[in-house]
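Enquirer: Sequence first, predicted coordinates after that:
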Amino acid sequence: MIVALILGVTIYGLAMGTTYPLLGLLLSDRVSGALNGLNTAATGLGLLTGVVLVPGLARRLGAGRTALAGVGLLAVALVALAFLRDFWPVFAARVILGCGAGLMFIVAETALNAAAAPERRGQIMGVYTAANALGFVLGPAMIALMPDRPAALLLGCAAIALMALIPFATVERPVSRLVVPGSARHIVSAITAFPLAFGFLFIASMIDAIAWRARNSADASTRAKPSVQA
């Protein structure tokens, strides 16, 4: 089960690491920088939506099936993004992408914390974090190898996400037994109980998002400059 969940978070990182820079570059010559940044924020909006939806879905479907639904939404959004190029359709698809990724990510992380023995929890979560980082590294690397084939990249990510349905399906029942759904109302009490941790996480996420956006803008500017021949 631990291997399956770590595989899932690697796919999460791959989807995020591919779509953030790739879609920013694709939209850079179609919309203004402000709208491009707003479109990037759609994924975060979807992740927030997933946070709110997880407790109710987990109570109705079980946590394991909720994670499977998240993988399905992730794959569907990636297929749609392979063919969409207009601002609002891409925005909507990215919200769905973030929501699906959030459902899978939240359930996987919670299940890993519950499944890991206390003496090994730090080691397992370290591997989990490294797998997430590996996904984020592979995404830009794939873009560098295939810069002129965005549709193929996104469809490839969708195919990999669909393959993750197999290991997630095998651990669906154990995950549902491990993860006991709570209430979305508990989010506020968690934030007030640990304000410093949430504050640092917010700052780190904001810096990370600004860095992605700034790099995308720099890459787009470089591509837009006409070459000068002697």
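Expert: Received the coordinates, thanks.

Enquirer: which stretches of this protein have low pLDDT?
Expert: 182-186, 212-230 (pLDDT under 70).

Enquirer: quick one, helices of it?
Expert: Remark: helices assigned in the chain by DSSP state H are 2-27, 33-61, 63-81, 87-115, 121-145, 150-163, 165-170, 172-178, 186-193, 195-224.

Enquirer: Buried deepest among those helices, which one?
Expert: Across the helices of the chain, the average number of neighbours (mean count of other CB atoms under 10 Å) peaks for helix 63-81, which reaches a mean of 24. In short, each C-beta sits where N, CA and C put it, glycine included.

Enquirer: CA-only coordinates of it in CSV, if you can.
Expert: What follows is helix 63-81, C-alpha atoms only, in CSV (Å, rounded to 0.1, in the frame of the first residue of the first chain):
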residue,chain,number,x,y,z
ALA,A,63,-11.4,7.3,1.1
GLY,A,64,-10.0,4.8,-1.4
ARG,A,65,-12.6,5.5,-4.0
THR,A,66,-12.2,9.2,-3.4
ALA,A,67,-8.5,8.9,-4.3
LEU,A,68,-9.5,6.9,-7.4
ALA,A,69,-12.0,9.6,-8.4
GLY,A,70,-9.2,12.1,-8.0
VAL,A,71,-6.9,10.2,-10.3
GLY,A,72,-9.7,10.0,-12.9
LEU,A,73,-10.4,13.7,-12.7
LEU,A,74,-6.6,14.4,-13.1
ALA,A,75,-6.4,12.2,-16.2
VAL,A,76,-9.5,13.8,-17.8
ALA,A,77,-8.2,17.3,-17.2
LEU,A,78,-4.9,16.5,-18.7
VAL,A,79,-6.5,15.1,-21.8
ALA,A,80,-8.7,18.2,-22.1
LEU,A,81,-5.6,20.5,-21.7
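
Enquirer: tell me what it is packed against?
Expert: Here helix 63-81 touches helix 2-27, helix 33-61, helix 87-115, helix 150-163, helix 165-170, helix 172-178, going by 3 or more CB pairs under 8 Å, 6 or more residues apart in numbering; DSSP states H and E.

Enquirer: Which elements pack onto the first one?
Expert: When contacts are defined as 3+ CB pairs under 8 Å, 6+ apart, helix 2-27 sits against helix 33-61, helix 63-81, helix 87-115, helix 121-145, helix 150-163, helix 165-170, helix 195-224.
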